[in-house]
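**Student:** Let's see this in three dimensions:
(chains A, B, C and D)
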Protein chains: 2
Amino acid sequence: MGGPRFEPVRTVRAYERIVEQIEEAIESGALRPGERLPSERDLMGQFSVSRSTVREALRVLQARGLVRSRPGDPHGAEVLPFSPAALHKSMTTLARVDELSLGELVQFRMVLDASANLLAARLRTQEQLEEMDAAIAAMRTAVSAGYDEFSAADVAFHDAVARASRNKLIQICTDVVRSIVLNLVSEKIAAAPDREALMRRSIRHHEEVLAAVRAGDGPLAARLARQSMYDYYVGYVPEDERPALRALLD
Amino acid sequence: MGGPRFEPVRTVRAYERIVEQIEEAIESGALRPGERLPSERDLMGQFSVSRSTVREALRVLQARGLVRSRPGDPHGAEVLPFSPAALHKSMTTLARVDELSLGELVQFRMVLDASANLLAARLRTQEQLEEMDAAIAAMRTAVSAGYDEFSAADVAFHDAVARASRNKLIQICTDVVRSIVLNLVSEKIAAAPDREALMRRSIRHHEEVLAAVRAGDGPLAARLARQSMYDYYVGYVPEDERPALRALLD
DNA sequence: CTAGTGCACTGGTCTGACCAGTAGGCTGCA
DNA sequence: TGCAGCCTACTGGTCAGACCAGTGCACTAG
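**Tutor:** Model (predicted):
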């Protein structure tokens, strides 16, 4: 006893080492978006491994959304700007396999949207207010155009609010969770018989929210935003999940 | 004009088709966590592709956290239960490459933690209250033990609150963002000269939050949680980002 | 009944090959 | 001289076949 304590060695696969190195180069900024990786045949020389190993590493990097390769491209794999695609993918998977319910997703949107509005009320610029105005105007004209147009304008409004919050994490999560929710309910909404009434009420709600944001009343904007989202989605949430949503209301 | 409109065909790689099929089997529940995939040599037969192609597909699935393969395992790759590891990875990448600032991360934690407390105040069980009690007790004894123990107890408290919110998305995002934040500041906190005073104040704050949760006062718990987190981290956030954090306070 | 051994099979890696697709230089025509 | 179109060198995608170290299980010897 008392001799040197050895730790179990974790065998690290060759392709993992390659992933680590390239990932580090990208995340540290040594490789910038738009730049190219050497070709696979070059990389196998640089890393002293076979092409299969290089390719497995590139597959992982591609799955993480860091690079993209195109067959025949003489310039090698391209380093991509960050996109929430990988985040989106894993959250979508979560929603599918881990029985994330519509109630939880909507509740999360209520939290995010309320916070975004709270922040936006204090941090918004004049330009952002105009974007929100424009989005609501687009919603009005879209009532007769159809649900897709309406939904797009609605998304534009919430995006403008999220941007005005100046928190990228809120923007990204808003975007990701919203697209999952829309994917779950858009068909139902588009087929709803009282669709037009829903749209008109939604527009009214958005106008109230925007008024609060314009007035700089964060808490009011947050409360109205929560209520608006609740009203819009509650009909599609199972009865037994609704109390949890109402717990966020005042 | 007027003829059939053709869409551009997207060439789909063979390994992508394999990923899609296995992913579908897992997400639909046809393959359950703990079950095994056929061996790579079996799969190359089933999909009529070479082993390289099968392996590239498995690498993608592994990067997404859906399966794991171990060398020598005679049972083939294992289907994993969902874990937020992939989510965590992509969010960490986001924090590194997309210049996510500490201010934004802390702000997001304030939003999540406040919402979790708001919900917990209404939905918590007696058992969860006891967990929170135990976590605070552990924080007290950890003041003298060291920062690592204290931090672990602190994490346990916030986890209990997140669980009590009954929203998995909140739990996961809390977990992911917290670990990123801790990774950024834990060294600084551990080295802070007034560390012990900070810990004691933090315990007091947690006690107040817990009292509000126990009393069922959601808005109060949310407000106290925001304030507590602000106080704990504000010293590590650059001056120019602090106003955005304060915008969340009352 | 158990400890130990051997074997069949696995995943990780390598080599070497072929194909279709791309970009950029080259050729030949106007 | 200018440009359209072809050529070629190279790329990524895929395949085939091979070797190795490691694993679990059945079998064997005690």
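
**Student:** alpha carbons only for contacts and neighbour counts from here, please
**Tutor:** Fine.

**Student:** where's the most centrally placed residue in chain A relative to B:Ala63, distance?
**Tutor:** Centroid check for chain A by Cα atoms, centre = their mean gives A:Val176 as the closest residue, at 2.4 Å. Using Cα to Cα, to the nearest Å, A:Val176 is found at 19 Å from B:Ala63.

**Student:** just to revisit the earlier point, can you give me the neighbour number for the closest residue to the residue nearest to the centre of chain A other than its chain neighbours?
**Tutor:** Closest residue in space to A:Val176, ignoring its immediate chain neighbours: A:His88 at 5.4 Å, by Cα to Cα, 6 or more residues apart in numbering or on different chains. Residues near A:His88, counting by other Cα atoms under 10 Å in any protein chain shown, number 20.

**Student:** Same question for A:Ala85.
**Tutor:** By other Cα under 10 Å, the burial measure for A:Ala85, its neighbour count, is 15.

**Student:** pretty sure it is in contact with A:Gly65, am I right?
**Tutor:** Yes: here A:Ala85 reaches A:Gly65: they are 6.8 Å apart, a contact under Cα atoms under 8 Å.

**Student:** right, and A:Val181 touches A:Leu105 too?
**Tutor:** Yes: between A:Val181 and A:Leu105 there is a contact under Cα under 8 Å: 6.7 Å.

**Student:** so where does the residue nearest to the centre of chain A fall, helix or strand?
**Tutor:** Here A:Val176, judged by DSSP states H and E, is contained in helix A:168-191.

**Student:** contacts for that helix?
**Tutor:** By Cα atoms under 8 Å, 6 or more residues apart in numbering or on different chains, the residues outside helix A:168-191 that reach it are A:84, A:87-88, A:91-92, A:102, A:105-106, A:108-109, A:112-113, A:116, A:147, A:159, A:162-163, A:195, A:236, B:100, B:104-105, B:108.

**Student:** Buried by neighbour count, from those: which ones?
**Tutor:** Using 16 or more other Cα atoms under 10 Å in any protein chain shown as the burial test, the contacts of helix A:168-191 include A:84, A:87-88, A:91-92, A:102, A:105-106, A:108-109, A:112-113, A:116, A:147, A:159, A:162-163, B:100, B:104-105, B:108 as buried.

**Student:** packing partners for the helix or strand bottoming out on mean pLDDT in chain A?
**Tutor:** Here the helix or strand of chain A ranked lowest by mean pLDDT, DSSP states H and E is helix A:85-97, holding a mean of 86. Here helix A:85-97 touches helix A:168-191, helix B:14-27, helix B:85-97, going by 3 or more Cα pairs under 8 Å, 6 or more residues apart in numbering or on different chains; DSSP states H and E.

**Student:** in the first one, what's buried?
**Tutor:** With burial defined by 16+ other Cα under 10 Å, the residues of helix A:168-191 counted as buried are A:168-178, A:180-181, A:189.

**Student:** And the next helix or strand past it?
**Tutor:** helix A:195-215.

**Student:** In that next one, which residues are buried?
**Tutor:** For helix A:195-215, a neighbour-count test (16+ other Cα under 10 Å) marks A:198-199, A:202-203, A:205-214 as buried.

**Student:** which bits of chain A sit near chain B?
**Tutor:** A:26-29, A:52, A:55-56, A:59-60, A:63-64, A:82, A:84, A:86-87, A:90-91, A:93-94, A:96-98, A:100, A:104-105, A:108, A:111-112, A:115, A:118-119, A:122, A:167-170, A:244, A:247-248 (Cα under 8 Å from any Cα of the partner chain).

**Student:** Show me how to select, in PyMOL, the buried members of those residues.
**Tutor:** To isolate the buried ones among the residues of chain A next to chain B in PyMOL, judged by 16+ other Cα under 10 Å, type:
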select buried, chain A and resi 26+27+52+55+56+59+60+63+64+82+84+86+87+90+91+93+94+96+97+100+104+105+108+111+112+115+118+119+122+167+168+169+170+244+247+248
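
**Student:** which of the residues of chain A next to chain B come close to DNA strand D?
**Tutor:** A:52, A:55 (Cα under 7 Å from any atom of the strand).

**Student:** Could you list every helix and strand in contact with the helix or strand hosting A:Ala137?
**Tutor:** For A:Ala137, the host element (DSSP H and E) is helix A:126-145. Other elements packing on helix A:126-145 under the criterion 3+ Cα pairs under 8 Å, 6+ apart are helix A:147-164, helix A:195-215.

**Student:** ok, A:Pro219 - how many residues close by?
**Tutor:** A:Pro219 has 19 nearby residues by other Cα under 10 Å.

**Student:** State the distance from the residue nearest to it when sequence neighbours are not counted to A:Val97.
**Tutor:** Closest residue in space to A:Pro219, ignoring its immediate chain neighbours: A:Leu118 at 5.9 Å, by Cα to Cα, 6+ apart. To A:Val97, A:Leu118 is 33 Å away according to Cα to Cα.

**Student:** do the same with A:Ser179
**Tutor:** 17 Å.

**Student:** And for A:Gln171?
**Tutor:** Applying Cα to Cα to A:Gln171 and A:Val97 gives a distance of 25 Å.

**Student:** now do A:Val177
**Tutor:** On the measure of Cα to Cα, A:Val177 and A:Val97 end up 16 Å apart.

**Student:** Please apply the same query to A:Asp231.
**Tutor:** Taking Cα to Cα as the measure, A:Asp231 falls 27 Å from A:Val97.

**Student:** residues contacting A:Ala57?
**Tutor:** Counting by Cα under 8 Å, 6+ apart, A:Ala57 touches A:15-16, A:18-19.

**Student:** in what helix or strand does it lie?
**Tutor:** With DSSP H and E as the test, A:Ala57 turns up in helix A:51-63.

**Student:** Give me the neighbour count for A:Pro193.
**Tutor:** A:Pro193 has 10 nearby residues by other Cα under 10 Å.

**Student:** Next one: it relative to DNA strand C, how far apart?
**Tutor:** Counting by Cα to the nearest atom of the strand, to the nearest Å, the gap from A:Pro193 to DNA strand C is 46 Å.
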